[in-house]
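S.K.: have a look at this prediction, sequence included:
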Amino acid sequence: MSFKEIQELRKTGKLDEALTMANQALEADPENIWNKRAAAWVYYDYLKKYEKVETYELFKEYLIKIKDLQLPENEKLLFDNCAWKIGKLVSSLEKLDPIDYAKIDELFDIIKYFHFTKPSEAYTFIYKTFHKHSINWSNYLSFAEWWDFDNFRSEDYLKDEFNGKKKMAIVEQAYIAYSKKLLKGETLDSFGELRLVDKDKIRFFLPKLDSLINKHPEYEYPPYFKAKLLLALGNEENALSAFLPFAKQKRNDFWVWVLMAEIFSYDKDIQFACYCKALSLKTPEEYLVKLRQSFAEMLIEKRMYDEAKTEILKIITTRERKDWKVPNQILKWTEQEWYKSATSKNDNSDLYLKHSKIAEEILIKDLPEELIVVEFVNEVKGILNFVKNKNKFGFFKYFDYISNPKIGDLIMVRFDGNGRDGFYRILSARKVDDDLPCDAIKSFNGKLTKKPSQNFGFVNDIFVEPKIIERYNLRDGQFLSGMAILSYHNKKKTLGWKVIKITY
């Protein structure tokens, strides 16, 4: 009996005869590599025959036979061919209702001893098929650690396409799935309510996640999960730093602000503002029921009963419309005296608007503030002219940021990019103490020079405009002291100093 004879029987479809001959050869000389090799390929043909869910047990039987041969690592061609059959069967297990995760466990326990080519298309196929079960498969973490994310190919980092639509790269999917499992933790009770998060695994995984984020900034969601993992370690400050780039991109998604509230769990005021921001965004009501319940609890603690009742009614309406159970906590609230005497509103949009600005400022805390001085105010249009120095000046809308600005006020501003034709958009603005040093304002003293025929004058090179002359009834030769500001001269297209305040 030879390898060629067994191979010929396989090729001519005489599989049972090939199996008999291969088994006989193995019995005669079980350590002969050619006998093992011949038997392995016969077993592989049976895998092809039984790669359906209906014949799972027979498939497993021959897979175990291949494992028990203990083939050396250089038999990768066989193992890689097996990978396609294993993956196909694992994928088809999705069709079971419910999915039999015990079968997935069994297959994983067998293939742990196979020597696949790493990295390779076949090995990635193995990952993809097992990954489909990651959400509810309890052994996914062990599988992912065995498979090892270092074995992804360069192609695996690219976005996929399915039915003409771009989909997330399998690598990004893998890191997200692994992060979710780490965050979910290990179940400690039969109800799944007690869980233990493995912090050592999180610490080991975070540098890998960091590397992915740095090398692939185009991946949207890894920074989100980095923040979640850091929070699980109790590191709020680093979680915020990791989360900010993602939050800026996704600021219009309500759940971004829910996570932000989690990061600021130690600061109830900011947490409250984050909830307000989350609820201010356009979101289907069915996604908001848990958030509204948490927010209602905060409102009750603040004794804001009218607002709390408004949130509770929205929760009840949504849950009844979706035929969902109303939580006991909600039912208990509706039975309390404060609820019965409270007056609900159509919504709490005014409350959201009032507090959302505090939450929004979190996104810009890492941007530098610039000190400017108010040079002119148009109260009707809500616009002020500013000067920072001789190189930067312009105007912006100040409504919603500061109230009652006056000429000479010092303001800390965060600009949203560069100005266009002198107009700037701002992200934040706040008044600061007048004694801060600023390049656009200075004190002066000197003698006023004013010609009798003119209604303006100068103190050295500082212009004193007519309204200042009139307001303070100034005379030529009078000694003055006060404050001056850099001001843009529209006709001359230049900056110069002008008096804004006389202190004598």
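M.R.: Perfect, thanks for sending it. Numbers count the residues shown, from 1 in each chain.

S.K.: how about the helices in the stretch 401-504 of the chain?
M.R.: Applying DSSP state H, counting those that start in this stretch to the stretch 401-504 of the chain gives helices spanning 466-472.

S.K.: need the contact list for A22.
M.R.: Neighbour list for A22: 6, 35, 38-39, 42 [criterion: C-beta atoms under 8 Å, 6 or more residues apart in numbering]. Using the backbone N, CA and C atoms, a C-beta is placed for each residue, glycine as well.

S.K.: okay, the residues you listed in TSV with distance to A261 and pLDDT next?
M.R.: Rendered in TSV, the data for these read as follows (distance: C-beta to C-beta, whole Å; pLDDT from 0 to 100):
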residue	distance to A261	pLDDT
I6	67	87
N35	66	91
A38	64	92
A39	61	93
V42	61	93
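
S.K.: just those: which are in strands?
M.R.: When the contacts of A22 are checked against strands (DSSP state E), there are no matches.

S.K.: now, among these, which is nearest to K165?
M.R.: Taking C-beta to C-beta as the measure, K165 sits nearest to V42 out of those, at 42.2 Å.

S.K.: mind listing what the closest one touches?
M.R.: Residues touching V42, when contacts are defined by C-beta under 8 Å, 6+ apart, comprise 6, 10, 15, 18-19, 22.

S.K.: so what's W147 closest to, chain neighbours aside?
M.R.: Taking C-beta to C-beta, 6 or more residues apart in numbering, and ignoring the residues beside it in sequence, W147 has Y127 as its nearest neighbour in space, at 5.3 Å.

S.K.: cool, A18 as well?
M.R.: For A18, ignoring the flanking residues on the chain, the nearest one in space by C-beta to C-beta, 6+ apart is L9 at 3.7 Å.

S.K.: what helix or strand is the one you found on?
M.R.: helix 3-11 (DSSP states H and E).

S.K.: show residues contacting that helix.
M.R.: Contacts of helix 3-11 with the rest of the structure, by C-beta under 8 Å, 6+ apart, involve 15, 17-18, 21-22, 25, 34-35, 37-38, 41-42, 45.

S.K.: and the two most separated of those residues?
M.R.: The span of the contacts of helix 3-11, defined through C-beta to C-beta, is set by L15 and W34 at 19.0 Å.

S.K.: how near is D160 to E5?
M.R.: As for D160, its distance to E5 is 44 Å (criterion: C-beta to C-beta, to the nearest Å).

S.K.: can you check W147 too?
M.R.: Between W147 and E5 the distance, using C-beta to C-beta, works out to 37 Å.

S.K.: quick one, which of those two is more surrounded?
M.R.: Neighbours were counted for W147 and for E5 using other C-beta atoms under 10 Å; W147 has more, 22 against 15.

S.K.: who's in contact with the more buried one?
M.R.: Neighbour list for W147: 123, 126-127, 130 [criterion: C-beta under 8 Å, 6+ apart].

S.K.: just the pLDDT for it.
M.R.: Predicted confidence (pLDDT) for W147: 98.

S.K.: about what we covered before: can you pick out the most distant pair from the contacts of A22?
M.R.: Greatest spacing in these, by C-beta to C-beta: N35 and V42 (10.9 Å).

S.K.: so which of the contacts of W147 are in helices?
M.R.: For the contacts of W147, membership in helices holds for 123, 126-127, 130, with DSSP state H as the criterion.

S.K.: about what we covered before: can you lay out the contacts of W147 as CSV showing distance to H355, pLDDT and neighbour count?
M.R.: As requested, the contacts of W147 are exported to CSV (distance: C-beta to C-beta, whole Å; pLDDT from 0 to 100; neighbours: other C-beta atoms under 10 Å):
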residue, distance to H355, pLDDT, neighbour count
Y123, 51, 98, 23
I126, 50, 97, 25
Y127, 45, 98, 24
F130, 45, 97, 23
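
S.K.: want to throw those into CSV with distance to S142?
M.R.: Output for these, formatted as CSV (distance: C-beta to C-beta, whole Å):
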residue, distance to S142
Y123, 17
I126, 14
Y127, 13
F130, 11
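
S.K.: any residues touching the longest strand seen in the chain, and which ones?
M.R.: Ranked by residue count, the top strand of the chain under DSSP E comes out as strand 479-489. Residues lying outside strand 479-489 but in contact with it, judged by C-beta under 8 Å, 6+ apart, are 373, 375, 385, 387, 389-390, 393, 407-408, 439-448, 459, 462-463, 474, 494-504.

S.K.: okay, K76: pLDDT?
M.R.: pLDDT recorded at K76 is 95.

S.K.: meant to ask about L188, not that
M.R.: Looking at L188, its pLDDT reads 64.

S.K.: switch to numbering from 21
M.R.: OK, 21 is where the count begins now, so the last one is L208.

S.K.: picking that back up, can you flag which of the contacts of strand 499-509 belong to strands?
M.R.: By the criterion of DSSP E, membership of those in strands covers 393, 395, 405, 407, 413, 461-468, 479, 482-483, 514-522.

S.K.: so among those residues, which ones count as buried?
M.R.: The neighbour-count test (16 or more other C-beta atoms under 10 Å) marks 393, 395, 405, 407, 413, 461, 464, 468, 479, 482-483, 515, 517-520, 522 as buried among the ones in strands among the contacts of strand 499-509.

S.K.: and the nearest residue to L98 once chain neighbours are set aside, how close does it get to E95?
M.R.: Nearest residue to L98, sequence neighbours excluded (C-beta to C-beta, 6+ apart): A60, at 5.4 Å. With the distance defined as C-beta to C-beta, A60 ends up 7 Å from E95.

S.K.: OK, contacts around the residue most central in space within the chain?
M.R.: For the chain, Y244 is the residue whose C-alpha lies nearest the centre (C-alpha atoms, centre = their mean; 3.0 Å). With contact taken as C-beta under 8 Å, 6+ apart, Y244 is in contact with 263, 266, 270, 276, 279.

S.K.: what's the helix or strand for it?
M.R.: When elements are assigned from DSSP H and E, Y244 belongs to helix 242-252.

S.K.: list the buried residues for whichever helix or strand comes after that helix?
M.R.: Per DSSP H and E, the first helix or strand lying C-terminal to helix 242-252 is helix 256-269. Applying a neighbour-count criterion of 16+ other C-beta under 10 Å, one finds 256, 259-260, 262-267 buried in helix 256-269.
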